[in-house]
Structure formats: structure tokens, C-alpha cells
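**Q** any chance you could fold what I've pasted below:
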Amino acid sequence: MYWHLQVVDFGCAEFGFFMYVKRIPGLQEVVAVDIDHEVLNRHCCRAAPLNADYLSTRQEPFTVRVLAGSIADRDPRLLGTDAVICIEL
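**A** The predicted model follows:
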């Protein structure tokens, strides 16, 4: 059976925790959200696949979405989220 597991990381800023989250088995989507547009634009390239990611392929698809926004605002794109991370809020 195909399950779509989605994690939202609020306050992702410099994508420091992303390298750990992307290794979670079965995880298929990470949504990185931060309120600071400049910081997101500067660091969103850290969500791109590394060369090592191509050597060890995943069995399920993996998607990363980067969104500018606040945890205080409702966003219908986050419906169906399985877990929320708020480390540096």
C-alpha cells in the first residue's frame, strides 16, 4: 500500500535539520517553512539532492517544498501533514 508521509519544518531558516529529516525511512515529503524570505532564498539550495543521494536511491519518491510563511497563519497546502517540527521558533 502506498502512503504519503509529510513533515512540515517551521522555522527551517538555514535548513540545518533538513539533512537529518531527509534520511527518515518512508518519508516522502518535507515542507520547509520560514517567515524570512531573504534567509529562505539564501539557503533553499541546501534542499537540493547531494551527489551521495544519487548513489543510495530511495524506494519511494521524495519531494521538498519551500514556502515562505508563518506558523500563525492557516495554509491549506499543509493539510494532511503527519508531523510538525518547530525546533528554532
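**Q** next SSE after the longest helix along the chain?
**A** Assignment by DSSP state H gives helix 37-43 as the longest helix of the chain. Counting by DSSP states H and E, the element after helix 37-43 in chain order, helix or strand, is helix 51-55.
**Q** and the residue positioned nearest the centre of the chain, how far from V66?
**A** Computing the C-alpha centroid of the chain and ranking residues by C-alpha atoms, centre = their mean puts V30 first, at 2.9 Å. Separation of V30 from V66 (C-beta to C-beta, to the nearest Å) stands at 9 Å. Heads up, the C-betas are built off the backbone N, CA and C, glycines and all.
**Q** between those two, which contacts overlap?
**A** Overlap of the contact sets of V30 and V66 (by C-beta atoms under 8 Å, 6 or more residues apart in numbering) consists of A47.
**Q** for stretch 69-83, which outside residues touch it?
**A** Residues outside stretch 69-83 that contact it (C-beta under 8 Å, 6+ apart) are 4-8, 10-11, 31, 33-35, 65, 67, 86, 89.
**Q** now, which of those sits nearest R42?
**A** Comparing the contacts of stretch 69-83 against R42 with C-beta to C-beta places D34 closest, at 10.7 Å.
**Q** list the residues that contact that closest one.
**A** So D34 contacts F10, G11, C12, A13, L40, A68, G69 (C-beta under 8 Å, 6+ apart).
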